[in-house]
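Undergrad: predicted model and sequence follow; I will ask about them next.
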Amino acid sequence: MTTAFSRLIRDVPDFPRPGILFKDITPVLADASGFAEAISAMAEPWRHAGVERVAGIEARGFILGAALARELDAGFVPIRKPGKLPAETFAADYGLEYGSDRLEIHTDAFQPGSRVLVVDDVLATGGTLVAALGLVERLQAQVVGAAVLIELTALQGRARWTAAAPLRATLRY
Ligand SMILES: O=P(O)(O)OC[C@H]1O[C@H](OP(=O)(O)OP(=O)(O)O)[C@H](O)[C@@H]1O
Ligand SMILES: Nc1ncnc2[nH]cnc12
């Protein structure tokens, strides 16, 4: 899909390490109409999905996820890097395209059965999104699906998304 805002995504070679072509969305965020168009395009498939909570993954997933939550009239739940959430947490370790990390969620973030959309900016190897999915499922929420702005298809992250609910990407490279 080609959209006007996609021209604002900047390719940065060799960041954060040699051999990685980094998709930089900061120019999209800085452009009022580009940001609005990106959020509207991400929201479109979910407008009638009954999303009650958006779970956004730190850090870029917070920016898109919070805007998407407002667009979908849903609440927002942060899935954070280690040691940032103040109350009791569940944690999941994972690998990503350029390293490894840990994600945490508050154990009382959702009511069982809450309809949750998981949101991030980029799907690369899928490690991050699958770790987030595991945390949401551990809380017995109902995963409505996952929304990413960008899917890097060569890294085959989609193959690791085992949930029955759909994973939708706005742009694919
Ligand atoms: O599909 P994967 O291989 O797991 O990679 C995708 C993840 O990589 C980036 O996160 P990063 O940890 O760099 O976080 P940031 O948003 O804090 O920059 C990106 O925001 C995704 O969360
Ligand atoms: N190539 C990439 N560009 C931006 N974010 C990423 N997260 C994982 N891989 C990435």
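TA: Arrived safely. Ligands and ions are numbered 1, 2, ... in the order given.
Undergrad: and the residue nearest the centre of the chain, how close does it get to ligand 2?
TA: Nearest residue to the geometric centre of the chain (Cα atoms, centre = their mean): D120, 1.4 Å. Distance of D120 to ligand 2, computed by Cβ to the nearest ligand atom, to the nearest Å: 9 Å. Where you see a C-beta, it was placed from the backbone N, CA and C, and this is true even at glycine.
Undergrad: before we move on, what about A30?
TA: A30 sits 16 Å away from ligand 2, going by Cβ to the nearest ligand atom.
Undergrad: re earlier: got the contact list for the residue nearest to the centre of the chain?
TA: Taking Cβ atoms under 8 Å, 6 or more residues apart in numbering as the criterion, D120 is in contact with G56, I57, R60, G61, L64, G65, T128, L129, A132, A146, V148.
Undergrad: one more pass at 6 Å, please.
TA: Under the criterion of Cβ atoms under 6 Å, 6 or more residues apart in numbering, the contact partners of D120 comprise I57, G61, L129, V148.
Undergrad: partner strands of the helix or strand harbouring it, parallel or antiparallel?
TA: Here D120, judged by DSSP states H and E, is contained in strand 115-123. Taking DSSP bridges as the criterion, strand 115-123 pairs within the sheet with strand 53-57 (parallel), strand 142-151 (parallel).
Undergrad: and the contacts of the helix or strand following it?
TA: Per DSSP H and E, the first helix or strand lying C-terminal to strand 115-123 is helix 127-138. Applying Cβ under 6 Å, 6+ apart, the contact partners of helix 127-138 are 55, 57, 79, 90, 92, 94-96, 103, 105, 116, 118, 120, 123, 143, 146, 160, 163.
Undergrad: quick revisit: just the strands paired with strand 115-123: most buried one?
TA: Most buried of the strands paired with strand 115-123 by mean neighbour count (mean count of other Cβ atoms under 10 Å) is strand 53-57; its value is a mean of 27.
Undergrad: of the contacts of helix 127-138, list those near ligand 1.
TA: I57, L96, D120, L123 (Cβ under 6 Å from any ligand atom).
Undergrad: give me the pLDDT value at the third one.
TA: Note for D120: predicted pLDDT of 98.
Undergrad: which strand residues bridge it?
TA: Beta-bridge partners recorded for D120 (DSSP bridges): V148.
Undergrad: same check on the second one?
TA: Here L96 shows beta-bridge partners G99, assigned using DSSP bridges.
Undergrad: can you report how many residues lie near it?
TA: L96 has 17 neighbouring residues, counting by other Cβ atoms under 10 Å.
Undergrad: just to revisit the earlier point, in CSV: the strands paired with strand 115-123, plus mean pLDDT.
TA: Shown next, in CSV, are these (pLDDT from 0 to 100):
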stretch, mean pLDDT
strand 53-57, 98
strand 142-151, 98
